[in-house]
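In: I'll drop the sequence and a predicted model, then ask my questions.
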Amino acid sequence: MSKNASSPQDVLLSLAAAWGRLERRLDGSLSNVRGISFAEYRILHVLASAPEGRASRVDLATAVGLTPSGVTRALRPLEKIGIVTTERSERDARLALASMTDAGRELYDLSLIHISEPT
């Protein structure tokens with residue numbers, strides 16, 4: 001392999017480092033202005049585009065790359081401040097569905113500018 005060619009491992013590590021820098025930048029931008037993390041924004045984004053505006057914790061976890069328990073931990077503070085609500089499914093009492101409140105939708109809409117133009 002020549003000195004100029006990158007190995008697949010080098011490319012992967014470079015991408016991971018770039019993602020880490022971008023995520024920290026977006027975290028800072030969102031938390032300073034809107035009070036949410038980028039991970040919380042990603043959950044709101046999934047809810048905004050979910051059928052009927054609701055999603056299970058397992059579906060949210062799959063969509064954002066967290067574990068279901070990680071999603072539960074991320075949703076708790078959002079529920080406490082009235083950004084999301086959780087309700088039991090009418091069809092399956094074991095299934096809890098998260099959805100955005102009107103305040104959550106407003107926060108999500110206002111956060112879009114910080115995602116489009118991070119500082």
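Out: Perfect, I can see it now.
In: Now do the phi/psi pair for V84.
Out: Taking degrees, to the nearest 10, you get phi -130, psi 160 for the backbone angles of V84.
In: For it, give me its contacts.
Out: Applying Cβ atoms under 8 Å, 6 or more residues apart in numbering to V84 gives the contacts 43-44, 47, 75, 78, 98-101, 104. Glycine gets a C-beta too; all of them are placed from N, C-alpha and C.
In: what pairs with it across the strands?
Out: As for beta bridges, V84 partners with M100 under DSSP bridges.
In: quick one on the thing from earlier: of the contacts of V84, just the buried ones, PyMOL syntax please.
Out: Selecting only the buried entries of the contacts of V84 in PyMOL, with 16 or more other Cβ atoms under 10 Å as the criterion:
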select buried, resi 43+44+47+75+78+98+99+100+104
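In: which one of the contacts of V84 sits closest to P68?
Out: Nearest to P68 among these is L75, at 10.4 Å by Cβ to Cβ.
In: one step back: output the contacts of V84 in TSV; the columns should cover distance to H114.
Out: Converted to TSV, these look like this (distance: Cβ to Cβ, whole Å):
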residue	distance to H114
I43	16
L44	12
L47	18
L75	21
L78	17
A98	22
S99	22
M100	17
T101	20
G104	16
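In: residue contacts, I115?
Out: 26, 30, 41.
In: ok, now with 6 Å
Out: With contact set as Cβ atoms under 6 Å, 6 or more residues apart in numbering, I115 has no partners.
In: so how far is whichever strand or helix holds it from its chain's centroid?
Out: Assigned by DSSP states H and E, I115 belongs to helix 102-116. Offset of helix 102-116 from its chain centre (Cα atoms, centre = their mean, to the nearest Å): 12 Å.
In: C-alpha coordinates for it, CSV please?
Out: As requested, the backbone C-alpha atoms of helix 102-116 are provided in CSV (Å, rounded to 0.1, in the frame of the first residue of the first chain):
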residue,chain,number,x,y,z
ASP,A,102,-47.2,21.5,20.6
ALA,A,103,-44.3,22.9,22.6
GLY,A,104,-42.1,20.1,21.3
ARG,A,105,-43.2,20.8,17.7
GLU,A,106,-42.3,24.5,18.2
LEU,A,107,-38.9,23.6,19.7
TYR,A,108,-38.2,21.2,16.9
ASP,A,109,-39.2,23.8,14.2
LEU,A,110,-37.0,26.5,15.9
SER,A,111,-34.1,24.1,16.2
LEU,A,112,-34.0,23.5,12.4
ILE,A,113,-32.0,26.7,11.8
HIS,A,114,-29.3,25.5,14.2
ILE,A,115,-29.0,22.2,12.3
SER,A,116,-28.9,23.9,8.9
